[in-house]
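Visitor: Starting from these lines, generate the structure:
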Amino acid sequence: MKIENLASLGSASVLDTDIAIVGGGPAGLTIAREFIGTSTRVLVLESGLLEEAPEHAALNSLESDGEPRTAAQRQKRVAFHGQSTETWSDTAQPYGVRCRALGGSSHAWAGKSAAFDPVDFAQRPWVPHSSWPISRETLDSYLDRAADVLNLGPNVYDGRLWDMMGMAPPSPQFDADGLRPFFWQFARSRLDQLDIMRFGREFVTFKADNIRVLLNATVRQIRISEDGSRFEGLEIATIDGVRSQVKAKVAVVAAGGIENPRLLLASNAVHPRGIGNAHDLVGRFLMDHPSARVGYFEARNVKPIIDRFGFYGLRHGGRTHMYSHGLALTPAVQHSAISISSVKLAQLCMILAIDPVPMPPVWRTRFAIASSNGRARSKVVGSPPAITSRSRVPAPSIPPLTGASSIATSRSASSAWTRRTSAGALVVWSI
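Guide: Okay, the predicted model is just below:
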């Protein structure tokens, strides 16, 4: 595998390949590894370097409008994300934690992984614009392949896991009509048993003569034919602005939930509204990790909570895979809660929090119920040129959570779009 810095090639270079992958994060590198050992020439374009650098991290800067940011909320966010990466700051990235380096945000993630539930793909009356064009069953045959990439155990995330571990469920059990067990597992490094899966560090160990990785290569424009029917190439640039061209048969845009729409909207030479944006949906439906405090308990009661919602090991395939136990609302209770309150709920998430200071011995329940027609706009700045990414997200008004640390969180959604033409192809992935 050849790994180069675009700056070493000189200005006005023209690179020819079969497949150009925009983004060297988990999605882009997973697609690239599928072609190892084939005759297909693959070029991975990564905006950053092998590791994070401040000058490249500055390209992640964005402005976020419409989402409430109290001092307490920002303080909690800094406490939660501040140790993830040295280049992250709440002011530069008021939304998300993104790492501009080979391996993408796997430089900062915790490795928590789980498959989506069937209900995540379904049309739900209480979630406007919900449903995917595919069902969960469509993806079932790919889940084990994905688990292998992530170095995971069996794709079992519900109560069936107790039987696989040879254990009885904890007692007493919760009301099964309202709450169900839910498990996460953790993607572990194959190179360092004490570390999380870092996609970039593992990818560079592969032997693949047909794959080329180009660092310091930010894609500025996707070029399409004058009639807009076919993909033709990419315009790329170094951090210093030295530009080059990529010619490819197929482009895979795998730069993440913010950079994908930014690039599509900025590529407006032929379509003024951007590529694939005839219906004004590119950049919409951006997802976040909304959370709420639903209860608390005194510090002296920590042990039984951790015993129940702690880590469990499952021996499988010659190694032990770690799972973390939590709870999820059943689809039935989600639907009934909305019917009773007549409030449209975009997403309901729960965080189990440990408060280190003595609290009254009582459980309090606070549900984050918000109208999903709240609309946020995020203006992204940097290189490529600034454009506006739009989203419809819930805007919960939840009392700030102080003195607490999260030990369980909920999932967020991802989306994927595909745009194909008769000659060239542009495939867009978001993770």
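
Visitor: Can you show me the helices along the stretch 1-150 of the chain?
Guide: 26-33, 54-57, 71-81, 136-149 (DSSP state H, counting those that start in this stretch).

Visitor: burial of residue 226, as a residue count?
Guide: 9 (other Cβ atoms under 10 Å). Every C-beta, even on glycine, is put in place using the N, C-alpha and C of the backbone.

Visitor: and the nearest residue to it once chain neighbours are set aside, what does it touch?
Guide: Distances taken as Cβ to Cβ, 6 or more residues apart in numbering put residue 270 closest to residue 226, at 6.5 Å, once the chain neighbours are dropped. Contacts for residue 270 (Cβ atoms under 8 Å, 6 or more residues apart in numbering) come out as 224, 225, 226, 227, 228.

Visitor: Quickly compare the helices of the stretch 1-150 of the chain and say which is most buried.
Guide: Most buried of the helices of the stretch 1-150 of the chain by mean neighbour count (mean count of other Cβ atoms under 10 Å) is helix 26-33; its value is a mean of 23.

Visitor: Specify the angle between that helix and helix 136-149 in degrees.
Guide: Counting by axes from the mean of the first three to the mean of the last three Cα atoms, to 10 degrees, helix 26-33 lies at 80 degrees to helix 136-149.

Visitor: what sits against the residue nearest to residue 168 when sequence neighbours are not counted?
Guide: Once flanking residues are discounted, residue 168 sits nearest to residue 162: 6.7 Å by Cβ to Cβ, 6+ apart. By Cβ under 8 Å, 6+ apart, residue 162 lies in contact with 168, 169, 181.

Visitor: Now secondary structure, neighbour count and pLDDT too, for those, in CSV please.
Guide: Below are those laid out as CSV (DSSP: H, G, I helix; E, B strand; the rest coil; neighbours: other Cβ atoms under 10 Å; pLDDT from 0 to 100):
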residue, secondary structure, neighbour count, pLDDT
168, coil, 8, 92
169, coil, 14, 91
181, strand, 20, 92
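
Visitor: Please report how far the residue nearest to residue 226 lies from residue 219.
Guide: 16 Å (Cβ to Cβ, to the nearest Å).

Visitor: ditto for residue 14
Guide: 15 Å.

Visitor: Same check on residue 316?
Guide: Taking Cβ to Cβ, one finds residue 316 at 40 Å from residue 219.

Visitor: more neighbours, these two?
Guide: Taking residue 316 and residue 219 together and counting by other Cβ under 10 Å, residue 219 has the greater number of neighbours (24 against 14).

Visitor: Specify the local secondary structure of the more buried one.
Guide: Following DSSP: H, G, I helix; E, B strand; the rest coil, we place residue 219 in the strand state.

Visitor: Which strand residues bridge it?
Guide: Beta-bridge partners of residue 219, counted by DSSP bridges, are residue 236.

Visitor: which ones are touching it?
Guide: 22, 45, 47, 234, 235, 236, 255, 263, 384.

Visitor: Show me the domain layout of this protein.
Guide: 1-71+93-110+197-282+415-431, 112-187+286-412 (automatic domain parsing).

Visitor: what separates the shortest one from the chain centre, distance-wise?
Guide: Here domain 1-71+93-110+197-282+415-431 shows a centroid-to-chain-centroid distance of 15 Å under the convention Cα atoms, centre = their mean, to the nearest Å.

Visitor: Now it: average pLDDT?
Guide: Averaged across domain 1-71+93-110+197-282+415-431, pLDDT comes to 89.

Visitor: I figured residue 334 was touching residue 127, is that so?
Guide: No: the pair residue 334 / residue 127 is not scored as a contact, 9.0 Å apart, by Cβ atoms under 8 Å.

Visitor: For the helices of the stretch 1-150 of the chain, could you give me a markdown table that also reports distance to residue 4?
Guide: As requested, those are exported to a markdown table (distance: least, Cβ to Cβ, whole Å):
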| stretch | distance to residue 4 |
| --- | --- |
| helix 26-33 | 15 |
| helix 54-57 | 16 |
| helix 71-81 | 32 |
| helix 136-149 | 25 |
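
Visitor: Quick one: closest of the ones you listed to residue 242.
Guide: Smallest distance to residue 242 across these (Cβ to Cβ): 14.2 Å, for helix 54-57.

Visitor: Got the phi and psi for the residue nearest to residue 168?
Guide: Main-chain torsions, residue 162, degrees, to the nearest 10: phi -60, psi -40.

Visitor: how far away is residue 81 from residue 99?
Guide: 11 Å.

Visitor: Common neighbours of those two, please.
Guide: 88, 108.

Visitor: okay, stretch 178-192 in PDB with CA atoms only?
Guide: The C-alpha trace of stretch 178-192 is given here as PDB (Å, rounded to 0.1, in the frame of the first residue of the first chain):
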ATOM      1  CA  GLY A 178     -42.200  -0.700  29.100                       C
ATOM      2  CA  LEU A 179     -38.500  -1.500  29.300                       C
ATOM      3  CA  ARG A 180     -36.400  -4.100  27.600                       C
ATOM      4  CA  PRO A 181     -32.700  -5.000  28.100                       C
ATOM      5  CA  PHE A 182     -30.300  -3.500  25.600                       C
ATOM      6  CA  PHE A 183     -26.600  -4.200  25.200                       C
ATOM      7  CA  TRP A 184     -23.700  -2.400  23.700                       C
ATOM      8  CA  GLN A 185     -20.500  -4.100  22.800                       C
ATOM      9  CA  PHE A 186     -17.000  -2.600  22.200                       C
ATOM     10  CA  ALA A 187     -14.800  -2.700  19.100                       C
ATOM     11  CA  ARG A 188     -11.400  -3.600  20.300                       C
ATOM     12  CA  SER A 189      -8.000  -3.100  18.500                       C
ATOM     13  CA  ARG A 190      -6.400  -6.100  16.900                       C
ATOM     14  CA  LEU A 191      -3.000  -4.400  17.400                       C
ATOM     15  CA  ASP A 192      -3.200  -3.400  21.100                       C
END
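
Visitor: Any idea what the residue nearest to residue 204 when sequence neighbours are not counted is bridged to?
Guide: Distances taken as Cβ to Cβ, 6+ apart put residue 3 closest to residue 204, at 6.5 Å, once the chain neighbours are dropped. Beta-bridge pairing for residue 3 (DSSP bridges): residue 213.

Visitor: Give me the distance between residue 3 and residue 206.
Guide: 11 Å.

Visitor: what do you get for residue 19?
Guide: To residue 206, residue 19 is 16 Å away according to Cβ to Cβ.

Visitor: Those two - which one has more neighbours?
Guide: residue 19 (21 against 13).

Visitor: Out of the helices of the stretch 1-150 of the chain, the one nearest residue 285 is which?
Guide: Closest among these, using Cβ to Cβ: helix 26-33, at 17.6 Å.
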